[in-house]
Structure formats: C-alpha cells, structure tokens
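Trainee: got a sequence here, can you build the structure:
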Amino acid sequence: MRLLTTLICLPVLTAAQDAREIIRRSVARDQTNAELARNYTFLQRQETRELDGAGKTRKRDIKTFDVTLLEGSPYRRLVARNDQPLPPKEQQQEEEKLRRSIEQRRSETPEQKERRIADWKRKQEKQREPLKELPDAFDFRFAAEESIEGVPAYVIDATPKPGYKPRSSGTSFLPKVKARFWISKEGYQWARVDMETLDTITFGGFLVRLARGSHVTMEQARINQEVWLPKRVAIQISARVLLLKGYHADILFTFSDYKKFQADSRIVSAAER
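Mentor: Below you'll find the predicted structure:
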C-alpha cells in the first residue's frame with residue numbers, strides 16, 4: 001500500500017519540484033540579467049489614473065522620462081507631459097537641473113563617485129530581496145505551457161507556503177500574495193508575472209494599507225538578444241493612506257527606446273552643445 005501510494009503521488013511531487021526548480025533557475029538568471037540591464041538607457045512613460053468610488057477616472061496624468069546613465073548611475077529627466085513636449089519654460093528648468101547634476105557628479109572625488117554608484121547598486125539589491133526568497137516562500141505547480149508573444153513559456157502558479165516566515169521587512173508581504181509566472185523555456189527568463197494581494201498589506205508603519213485584490217502585471221521583452229528588460233508594468237491599487245483617505249488608481253508604466261550605453265558616451269546639457 002505504501003509503495004502504491006508513493007507511485008501515485010510521485011508524478012505530482014516531481015512536477016512540484018520541477019516547477020520550483022524552474023523558479024529557482026529564473027531567480028538565479030535574474031541576477032545576471034540585472035547586471036546587463038545596468039548598461040541600458042530608455043524612455044519610461046508613466047500614466048496614472050486616479051479613480052472615484054465607482055471606478056471612473058477622476059484625474060489622469062502622464063509623464064515621460066528619459067532615463068540614462070550619468071557618470072555611472074541613472075539620471076531621470078522629464079521630457080514630456082501628457083504625451084506632449086514640455087513647455088519652453090519647463091524644458092529650460094529640466095535642462096538646468098541636468099546641467100547642475102552633470103557639474104556635481106563630474107566634480108566628485110573618486111571615493112565619492114564610488115560611494116554614489118555603490119548606493120545605487122545597494123538599492124537595486126534591496127529591491128531584489130523578494131525574488132531571492134521566492135523559491136522558499138511559495139508552493140509551485142505547473143498550470144500550462146503557452147507562447148507569449150512568440151516565446152514558448154512554462155506557466156507556473158505560486159501560492160504562499162503555510163507557516164513561512166519572511167526574512168526581512170522588505171519581504172514581509174510575501175505570505176499575502178499569490179502569483180502566476182510565465183518563464184521562457186529558453187534561458188528561464190521572466191516573460192510575464194501576474195500578482196494579486198490576498199490580504200491587506202501595510203507599509204510605512206501603518207501609514208499606507210494596500211487592500212486585498214490589488215493587482216500587478218509585469219511584462220518583459222528580450223533586447224539585443226542578450227538581456228530581458230521591462231516592457232510594461234500595470235498596477236491596480238486600492239489603498240488607504242494614513243488609515244483615513246481612500247485611494248484608487250490604475251498606474252501603467254511602459255518602457256521603450258532601449259539603447260546600450262557606451263563607456264565613452266557623454267551626456268551634455270543644452271548649454272554644452
């Protein structure tokens with residue numbers, strides 16, 4: 001009877017282990033991918049739609065940023081608002097901010113520059129903490145195999161592992177979310193992730209409470225046949241700020257115009273042209 005039970009359960013156990021192994025490999029590949037991503041500049045468009053209680057748009061705001069490397073770490077410059085070029089006065093203000101930043105960073109000592117770049121990389125690693133805990137924090141199962149924009153992918157569902165204790169404050173939300181992953185068969189890269197909150201999540205010492213049912217979708221695309229970079233991030237938020245004010249919004253980030261940054265490239269302000 002024990003042997004029969006083992007034989008019946010073996011395919012299920014093997015599938016679960018394989019799903020976890022695919023996630024583990026994708027997390028490991030993400031570290032290398034993150035290193036390559038630091039060499040790319042891009043345009044980031046952010047559309048925020050604040051909603052009323054009935055789900056109708058109350059306010060809409062669109063900003064587009066040029067994100068590039070300035071002396072070793074990123075610099076975000078506002079280049080458009082509501083998909084229109086900035087008015088001359090605001091464009092001049094952005095150029096002045098860029099000029100001051102160029103001047104400040106180029107006047108740094110080698111130690112100051114190294115510290116600034118190290119701080120940026122440390123923040124990136126902090127943001128990756130939840131990824132490192134994924135294989136241990138969830139139970140995984142195969143859902144299907146699909147092709148997402150021509151990329152064959154494993155579809156894997158993740159549910160919180162009962163009794164799991166997050167390792168840091170930055171990963172405390174993991175037991176309160178579920179997710180579905182599309183992992184490319186070639187290279188084990190993240191093609192898409194859908195995540196949904198299962199319970200209220202509190203941030204900032206009770207200053208912000210993210211309600212159950214908030215949703216995040218992230219899509220990535222392969223660039224230059226060497227790196228996977230964000231293409232689209234959609235966030236549906238229902239939250240309370242300061243435990244009083246309700247906030248409902250749809251936020252859409254789109255990324256485009258990826259370019260590999262050359263070591264000998266220099267960013268210049270209008271005044272230097």
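
Trainee: contacts, neighbours, all on C-alpha from now
Mentor: Noted.

Trainee: now the strands for this structure?
Mentor: When assigned using DSSP state E, the strands of the chain occupy the ranges 40-51, 57-70, 73-81, 84-85, 138-148, 151-160, 177-184, 190-197, 201-203, 208-210, 215-223, 227-241, 245-260.

Trainee: could you dump these into TSV with mean neighbour count, distance to residue 110 and mean pLDDT added?
Mentor: Shown next, in TSV, are the strands of the chain (neighbours: other C-alpha atoms under 10 Å; distance: least, C-alpha to C-alpha, whole Å; pLDDT from 0 to 100):
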stretch	mean neighbour count	distance to residue 110	mean pLDDT
strand 40-51	19	23	93
strand 57-70	17	15	93
strand 73-81	18	14	95
strand 84-85	12	37	96
strand 138-148	17	43	93
strand 151-160	20	43	95
strand 177-184	22	40	95
strand 190-197	21	36	93
strand 201-203	17	36	72
strand 208-210	19	39	69
strand 215-223	18	32	93
strand 227-241	19	30	85
strand 245-260	17	24	88
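
Trainee: do you know which of the ones you listed lies nearest residue 118?
Mentor: Closest of the strands of the chain to residue 118 is strand 73-81, at 9.2 Å (criterion: C-alpha to C-alpha).

Trainee: sheet partners, orientation included, of the closest one?
Mentor: Using DSSP bridges, strand 73-81 pairs in its sheet with strand 57-70 (antiparallel), strand 84-85 (antiparallel).

Trainee: residue 249 is nearest to which of the ones you listed?
Mentor: That would be strand 57-70 among the strands paired with strand 73-81, by C-alpha to C-alpha, at 8.5 Å.

Trainee: who's in contact with that closest one?
Mentor: Residues outside strand 57-70 that contact it (C-alpha atoms under 8 Å, 6 or more residues apart in numbering) are 40-52, 74-83, 102, 105, 261, 266-267.
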